[in-house]
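In: sequence and predicted model, in that order:
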Amino acid sequence: MKTPQSLIIASRESPLAMWQARHVQAQLQMLYPDCAVSILPMTTQGDQILDKTLSKIGGKGLFIKELEQALQDGRADLAVHSIKDVPMVLPEGFALAAIGERANPFDAFVSNQFNDLSALPDGAVVGTSSLRREAQLRARFPHLTVRPLRGNVQTRLAKLDAGEYDAIILAAAGLERLGLQERIRNVLSPADSLPAAGQGALGIEIAAHRTDLIEVLLPLNHAQTAACVTAERALARALGGSCQVPLAAYCTGDDNGLLTLHGLVGHPDGSHTLTASAQAPAPYADALGRAVAKKLADDGATELIAAVLAES
């Protein structure tokens, strides 16, 4: 393998995205000390439109389009994403070259007054940007008021601190990566909030024609995380998963390579929730995702998703 003389990482400019890019930069510099690794910060459309929910403005792909353009035209060699922000079907001409070891995959309860969801009184206002979280919150805690919350992590915390919300739900990994773990009052169990596909994991995207980078990036790939994320994304892909649909997928693996995948589809108002799970060896991760998706579809997920999309 020929070590590249330089590598440029495309990244969103938000503090969390830059942390993630610097994390990968440090890993690459350790692997290839003679390679100059730099970061190209970029503002994406998803970062600019903050007055509408993601499901109303075109989905999470808005966070990566500009980064992909930089890959396509050669301004950058790779892009670092939170995997949960990556569309289930990549645009033609792009590929995920590596998936890093997963951090905390769960959602975090953040509040200045209350210790957990069960402590919130009737009508308490909970902020979240995710239909997945909203559907599960409304189903399990129907007495709460769920309102949209956009912006980067610091912006969301500022809105909580200003008294606009009684509590907010954020990805635990983002808070921990930014050194804000003291803001976490409670980490939500999968029973209260099943995570999004890929939550807590970082993905490295390249232009598909850059086959020279595959071997370079291979050491950053974490096999068990990659298998789990593959299963989760296969489930979401099979059901047409996007941020317009309340869909959760969470997979774990044991020391023997056996994967256990849990899936959930719900209505944003919490009125309907479908769940399914299955197990398979890691080499069959993609098939496992499709199998759990079929279970959900057989139970009515396809019709439920169609109804949600028709209402949005």
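Out: That came through, no problem.
In: in stretch 147-154, which residues are buried?
Out: 148, 149, 150, 152, 153 (16 or more other C-beta atoms under 10 Å). Placement of C-beta: from N, CA and C, glycine included.
In: so among these, where is pLDDT lowest?
Out: pLDDT across these is at its lowest for residue 150, which sits at 84.
In: ramachandran angles for that one?
Out: Per-residue torsions, residue 150: phi -120, psi 170 (degrees, to the nearest 10).
In: I figured it hits residue 129, correct?
Out: Yes. In this structure, residue 150 is within contact of residue 129 by C-beta atoms under 8 Å, at 5.5 Å.
In: next one: stretch 296-308 to chain centre, how far?
Out: Stretch 296-308 sits 22 Å away from the centroid of its parent chain (C-alpha atoms, centre = their mean, to the nearest Å).
In: now what about it, what contacts it?
Out: By C-beta atoms under 8 Å, 6 or more residues apart in numbering, the residues outside stretch 296-308 that reach it are 235, 238-240, 244-247, 263, 265-268, 272, 274-276, 293.
In: which of those are buried?
Out: 235, 238-240, 244-247, 263, 265-268, 272, 274-276, 293.
In: keep only those of the residues you listed that are in strands.
Out: 247, 263, 265, 266, 274, 275, 276 (DSSP state E).
In: how about the residues you listed in JSON lines, adding pLDDT?
Out: Shown next, in JSON lines, are those (pLDDT from 0 to 100):
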{"residue": "247", "pLDDT": "94"}
{"residue": "263", "pLDDT": "98"}
{"residue": "265", "pLDDT": "96"}
{"residue": "266", "pLDDT": "93"}
{"residue": "274", "pLDDT": "96"}
{"residue": "275", "pLDDT": "97"}
{"residue": "276", "pLDDT": "98"}
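In: would TSV of those residues with distance to residue 122 be doable?
Out: Formatted as TSV, those follow (distance: C-beta to C-beta, whole Å):
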residue	distance to residue 122
247	28
263	31
265	27
266	22
274	27
275	27
276	32
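In: what about the protein, any weak spots by pLDDT?
Out: 44-63, 241-243 (pLDDT under 70).
In: now do the domain split for it, please.
Out: 1-101+201-221, 107-187, 222-311 (the TED database).
In: ranking the ones you listed by burial, who's on top?
Out: For the domains of the chain, average neighbour numbers computed from mean count of other C-beta atoms under 10 Å are highest in domain 222-311, which has a mean of 20.
In: got the phi and psi for the spatially closest residue to residue 161 that is not a sequence neighbour?
Out: With sequence-adjacent residues excluded and distances taken as C-beta to C-beta, 6 or more residues apart in numbering, residue 161 is closest to residue 112, at 6.8 Å. According to degrees, to the nearest 10, the main-chain angles of residue 112 amount to phi -90, psi -10.
In: wait, residue 112 touches residue 162, no?
Out: No. Using C-beta under 8 Å, residue 112 makes no contact with residue 162, being 10.5 Å away.
In: which residues of the protein fall in helices?
Out: Assigned helices in the chain, in chain order: 15-31, 45-48, 54-57, 65-72, 131-140, 153-161, 172-177, 214-217, 223-238, 285-298, 301-311 (criterion: DSSP state H).
In: relative to residue 270, how far out is the residue nearest to residue 161?
Out: Plainly put, residue 112 is 25 Å away from residue 270 if you go by C-beta to C-beta, to the nearest Å.
In: likewise for residue 202?
Out: For residue 202, the distance to residue 270 equals 31 Å [C-beta to C-beta].
In: list the residues that contact the nearest residue in space to residue 19 that is not next to it in sequence.
Out: Nearest non-adjacent residue to residue 19, counting by C-beta to C-beta, 6+ apart: residue 177, 5.1 Å away. Taking C-beta under 8 Å, 6+ apart, we find residue 177 in contact with 16, 19, 20, 23, 103.
In: ends of stretch 106-119, what's the gap?
Out: 19 Å (C-alpha to C-alpha, to the nearest Å).
In: ugh, wrong one, I meant stretch 147-166
Out: 11 Å.
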